[in-house]
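K.L.:
build me a structure from this.
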Amino acid sequence: MIKTALITGASSGIGKELAIIHAKKGGDLVLVARRKDKLKELKQELETLYKIKVEIISKDLSNISASQEIFDEVIKKEIEIEYLINNAGFGALGKFHELELDRQISMINLNITALTVLTRLFLPEFVKRNSGKILNTSSTASFMPGPLQAVYFATKAYVTFFSNALSEELYNTNITVTNLMPGATESEFGATSGMDKTEMFKKTASSQSVAEDGYKGMMKGKIDVISGLKPMEKIMMAMIPFMPKKMVLKQIRQMQEVK
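P.N.:
Here you go, the predicted model:
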């Protein structure tokens, strides 16, 4: 039986690599992103190489109506989604009061609202048939507040706690919710957020390795998957609960300052 995965943010980075992994396993795909040209290229590549079926939906998920439109299109085409992968997201580097308000509202709409709405729309059918897997891409940023990325870090904290709560709500079903928390990852995120010029992004994990960790974790039904951390970052993460908050905030700010 071919199981279809719907992946948002599928035109590049972790989302694209997740699509490739699923296609290699013989699964069909519904790929969602803003850039239709990139989606068409990926569709042709995956259908040619792996003899699967790929549907593409070009939507900007920062628009409030986009999630419902995606769901309606999937229902209209009678596609049964087995894996829902909410991967789309973006960040912005700078002081909260200096960054454009519209951009930060769009970030909240994409990182939080779209993920929440898509999950709410697809989950009842998962429950009805008692099968399905959800993978939400959060971030190691969800462990702490993020000076110079105040809204981004806060949105990822939402994703982590939302995902973890759902996993427990569904404890007596065959449905799993996995929360993927990458560290700094080689993708377009660094350039679009401005993080590529910071100390934190000097050495990044590959999108492929993070996607592999996330996909494997989803298939095993893990609650949390942490991926792409450097040794010193792992040590810092372990120490955060025991450090004074003011010290943590200062360190994070310094790591995110453009040098």
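
K.L.:
where along the stretch 151-259 of the chain do the helices fall?
P.N.:
188-193, 207-220, 231-239, 245-256 (DSSP state H, counting those that start in this stretch).

K.L.:
so the closest residue to L110 other than its chain neighbours: helix, strand or coil?
P.N.:
Using CB to CB, 6 or more residues apart in numbering and skipping the chain neighbours, the partner closest in space to L110 is S62 (4.4 Å). Glycine gets a C-beta too; all of them are placed from N, C-alpha and C. The three-state assignment at S62 reads coil, by DSSP: H, G, I helix; E, B strand; the rest coil.

K.L.:
quick revisit: show me the one of the helices of the stretch 151-259 of the chain that comes nearest G15.
P.N.:
G15 lies closest to helix 207-220 among these, at 8.0 Å (CB to CB).

K.L.:
same for the closest one, what does it pack against?
P.N.:
helix 13-24, strand 132-137, strand 175-182, strand 185-186, strand 224-227 (3 or more CB pairs under 8 Å, 6 or more residues apart in numbering; DSSP states H and E).

K.L.:
partner strands of the helix or strand just after the longest one, parallel or antiparallel?
P.N.:
In other words, helix 13-24. Downstream of helix 13-24, the next assigned helix or strand under DSSP states H and E is strand 29-33. Partner strands for strand 29-33, per DSSP bridges, with pairing direction: strand 4-8 (parallel), strand 54-58 (parallel).

K.L.:
quick one: low-confidence ranges for the stretch 101-250 of the chain?
P.N.:
Counting by pLDDT under 70, the ranges of the stretch 101-250 of the chain that qualify are 185, 187-204, 232.

K.L.:
report how many residues lie close to the closest residue to L18 other than its chain neighbours.
P.N.:
In this structure, L18 finds its nearest non-sequential neighbour in A211, 4.6 Å apart by CB to CB, 6+ apart. By other CB atoms under 10 Å, 28 other residues sit near A211.

K.L.:
re the thing from before, possible to save the helices of the stretch 151-259 of the chain as a markdown table with distance to T4?
P.N.:
Compiled in a markdown table, the helices of the stretch 151-259 of the chain are given as follows (distance: least, CB to CB, whole Å):
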| stretch | distance to T4 |
| --- | --- |
| helix 188-193 | 25 |
| helix 207-220 | 14 |
| helix 231-239 | 35 |
| helix 245-256 | 38 |
